[in-house]
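Novice: model this:
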Amino acid sequence: MMKTASIYFALTLLSMLPCSLMGQTEEGTAKNESSETTGPKRFWQADLPGGSYIVALDRIASMSKHNYIIDGNISVTEVVIDTNGISLARFYYLEPVLQNTSGVAARLTEGGRDLLDKVNERTGVDTDSAVIKQYPSTTHAKTVEFRISSAANLDELYSSARTAWINSRGKKFTLSGK
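Specialist: Below is the predicted model:
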């Protein structure tokens, strides 16, 4: 019960912080490293800090990568894998849309990063990969969601899935933890 309350508090706190703080070091680079290996025959698999996803290559109906802006201040880059089954997989990277990158913004980002690190230490919640939702407005039925810690990692994930699907060759994409 206490751990559940701590996780709820951490996720609530995360939803209130600027997205610029999520999954980046002070230099703005991702903390996760990716790798790709031959995977199970006929399947594409992703092992990520936030969980795992596996799909049969012949069940993929479409795949997309696109960008959009939420509320005028959050840029989302998203990869969607649609299948012939009943679920949809979304992998996304969030970053702020900054008009002014002044010293104040840099200090806020650094202070927020420190706060996220403390939340991670106290609760065990991986603040770099936790999917953030505001129930019920961002809850999507039959959707599996993963937050990726950098645009580069998301590009690598998309390339891996796309190549596996086009070539009908099993691949396993892995993002290692910090």
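Novice: host element of residue 156?
Specialist: helix 151-167 (DSSP states H and E).
Novice: who's in contact with that helix?
Specialist: Helix 151-167 is contacted by residues 30, 32, 34, 36, 39, 44, 46, 57, 60, 63, 65, 77, 79, 81, 91-93, 95, 148, 169-171, 173, 175 when judged by CB atoms under 8 Å, 6 or more residues apart in numbering. No exception for glycine: its C-beta is placed from N, CA and C like everyone else's.
Novice: write the PyMOL selection for whichever of those are buried.
Specialist: Command for PyMOL, covering only those of the contacts of helix 151-167 found buried under the criterion 16 or more other CB atoms under 10 Å:
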select buried, resi 30+32+34+36+39+44+46+57+60+63+65+77+79+81+91+92+93+95+148+170+171+173+175
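Novice: now, which of the contacts of helix 151-167 lie within strands?
Specialist: 34, 36, 44, 46, 60, 63, 65, 77, 79, 81, 91-93, 95, 171, 173, 175 (DSSP state E).
Novice: mind picking out the helix or strand in this protein with the poorest mean pLDDT?
Specialist: Ranking every helix and strand in the chain by mean pLDDT, DSSP states H and E puts helix 2-16 at the bottom, with a mean of 39.
Novice: and the helix or strand where residue 54 lies, which strands flank it?
Specialist: Per DSSP H and E, residue 54 falls inside strand 51-56. Each strand paired with strand 51-56, and its direction, by DSSP bridges: strand 43-48 (antiparallel).
Novice: and the partner strand, average pLDDT?
Specialist: Taken as a whole, strand 43-48 has an average pLDDT of 96.
Novice: my guess is residue 64 meets residue 80, correct?
Specialist: Yes: contact criterion CB atoms under 8 Å: residue 64 and residue 80 qualify, at 4.9 Å.
Novice: which one of these two has more residues nearby?
Specialist: Counted by other CB atoms under 10 Å, residue 64 and residue 80 do not tie: residue 80 has more neighbours, with 16 against 10.
Novice: need the contact list for the more buried one.
Specialist: 62-66, 88-91.
Novice: show me the beta-bridge partners of residue 92.
Specialist: residue 78, residue 147.
Novice: give the contact list for it.
Specialist: Residue 92 touches 76-79, 145-148, 154, counting by CB under 8 Å, 6+ apart.
Novice: and what of residue 87?
Specialist: Taking CB under 8 Å, 6+ apart, one finds 142-144 in contact with residue 87.
Novice: which parts of the strand holding residue 54 are buried?
Specialist: Buried, per 16+ other CB under 10 Å, within strand 51-56: 53, 55.
Novice: just the CA trace of that strand, in PDB.
Specialist: Only the C-alpha atoms of strand 51-56 are listed here, as PDB (Å, rounded to 0.1, in the frame of the first residue of the first chain):
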ATOM      1  CA  GLY A  51       8.900  -2.900 -20.200                       C
ATOM      2  CA  SER A  52       9.000  -5.200 -23.200                       C
ATOM      3  CA  TYR A  53       7.000  -5.500 -26.500                       C
ATOM      4  CA  ILE A  54       7.000  -8.300 -29.100                       C
ATOM      5  CA  VAL A  55       5.000  -8.500 -32.300                       C
ATOM      6  CA  ALA A  56       4.800 -11.100 -35.100                       C
END
